[in-house]
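# Provide a 3D model corresponding to the input given below.
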Amino acid sequence: MAERFWVLCGKPENWEIALKDEIWGLIPKFAGKWKYLQEGDWLFFYVTSPVVGIMGVGKVQAKFKQNKPLWPDEVLQKQVLYPFRFEFKSEYIVSVQEWKTKRIRVQLPIGSYSGLNLLDDRDIIDGLCETIKQNWNVEIQYGPQAEPYEAKLARIYPSVETLGLSHDRVKDMLFEVGKIHRYITEKEYVMDGERLDVVWRRVEKSVPTYAFEVQVGGDIYHALAKLKHAYDIWNSNIYIVIDEKHRGQTEELLAGTFHEIKNILHVINLEQIKNLYQLQAEDVKLRRQMGLP
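Numbering: from 1, shown residues only. Predicted coordinates:
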């Protein structure tokens with residue numbers, strides 16, 4: 001395997017900061033492992049107490065040294081304890097509220113459940129990846145079958161010219177833009193028996209920060225009702241994406257039945273989403289070509 005697999009172990013209070021900033025730090029005795037770490041390596045996120053198990057997966061990005069306190073014990077002692085740091089990109093994370101029910105409990109041959117540990121047993125890696133696929137519906141591609149990065153970029157961020165602006169395509173665009181901005185993005189997010197098209201949320205919070213409904217056609221009244229409910233119960237930032245021909249109907253509903261969210265709701269047209277997606281996708285590709293995270 002070109003890429004390596006690591007188990008990243010930490011306490012809940014440190015994971016809360018790490019997942020928010022997507023940064024991890026190591027003490028000097030792990031400097032050798034830090035040097036061995038490379039961009040593209042896989043990480044299994046392991047929480048050590050009081051809930052024990054794997055609660056997420058990600059990939060290594062840039063490595064750097066830091067002289068600024070970040071974690072609670074560093075801030076308390078006013079000194080850097082974990083200078084060997086690296087950025088990572090979360091591929092999937094179980095929310096804190098679901099750690100007890102959705103984390104993966106597994107015994108791993110890593111010696112110590114602290115810091116950073118290399119996992120090099122192919123059978124165990126294969127088994128763990130299969131468990132993750134079954135439990136979380138997340139497929140980890142590695143080794144010879146792994147998709148080349150440029151091919152993956154072309155698949156995830158196809159040119160706008162090849163995209164139709166169907167309901168599902170627009171949802172996919174919103175989903176990927178949220179991931180670029182390091183949100184946990186979900187489609188068909190369940191809310192009191194309803195489903196929101198796309199939501200973006202931060203890991204340490206169980207409720208969506210941003211909620212989107214896409215209306216290429218369909219029932220604008222129902223979409224507005226769902227967004228109003230998301231605002232009422234979560235105080236989410238709410239957005240409706242519409243075909244410009246439906247703007248009149250949308251504004252009429254906002255002036256009447258849904259007047260309470262008139263000044264809160266963001267109304268976006270399909271062309272704006274297409275332009276945003278194109279700019280963000282090109283930014284990702286350009287940064288990759290330049291070797292930037």
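# most remote residue from the protein's center?
residue 256 (36.5 Å; C-alpha atoms, centre = their mean).
# what stretches of the stretch 51-200 of the chain score poorly on pLDDT?
143-164 (pLDDT under 70).
# one more time with 80, if that's ok
110-112, 141-165, 182 (pLDDT under 80).
# the helices in it, which residues?
In the stretch 51-200 of the chain, the helices defined using DSSP state H, counting those that start in this stretch lie at 72-77, 99-102, 122-136, 149-156, 167-180.
# now do the contacts for the residue farthest from the centre of the chain.
The contact partners of residue 256, by C-beta atoms under 8 Å, 6 or more residues apart in numbering, come to none. C-beta coordinates here come from the backbone N, C-alpha and C atoms, glycine included.
# what pLDDT does it get?
Looking at residue 256, its pLDDT is 94.
# before we move on, what about the one 5 residues further on?
Note for residue 261: predicted pLDDT of 96.
# surely it touches residue 254?
Yes: using C-beta atoms under 8 Å, residue 261 makes contact with residue 254 at a distance of 7.1 Å.
# give me the common contacts of the two.
Common neighbours of residue 261 and residue 254 (C-beta under 8 Å, 6+ apart) are residue 224.
# higher neighbour count, those two?
Counted by other C-beta atoms under 10 Å, residue 261 and residue 254 do not tie: residue 254 has more neighbours, with 20 against 17.
# counting neighbours, what do you get for the nearest residue to that one once chain neighbours are set aside?
Closest residue to residue 254 apart from its sequence neighbours, by C-beta to C-beta, 6 or more residues apart in numbering: residue 262 at 4.4 Å. Neighbourhood size, residue 262 [other C-beta under 10 Å]: 13.
# tell me both backbone torsions, phi and psi, for residue 262.
Residue 262 adopts backbone torsions of phi -60, psi -40, taken as degrees, to the nearest 10.
# ok, the closest residue in space to residue 128 that isn't next to it in sequence - how many residues close by?
The shortest distance from residue 128 to any non-neighbouring residue, by C-beta to C-beta, 6+ apart, is to residue 106 (6.4 Å). The local packing of residue 106 (other C-beta under 10 Å) involves 15 other residues.
# what's the spacing between residue 106 and residue 55?
From residue 106 across to residue 55, the span is 12 Å (C-beta to C-beta, to the nearest Å).
# now swap in residue 27 and tell me
22 Å.
# more crowded one of these two?
residue 55 (26 against 14).
# wait, isn't that one in contact with residue 99?
Yes: here residue 55 reaches residue 99: they are 5.4 Å apart, a contact under C-beta under 8 Å.
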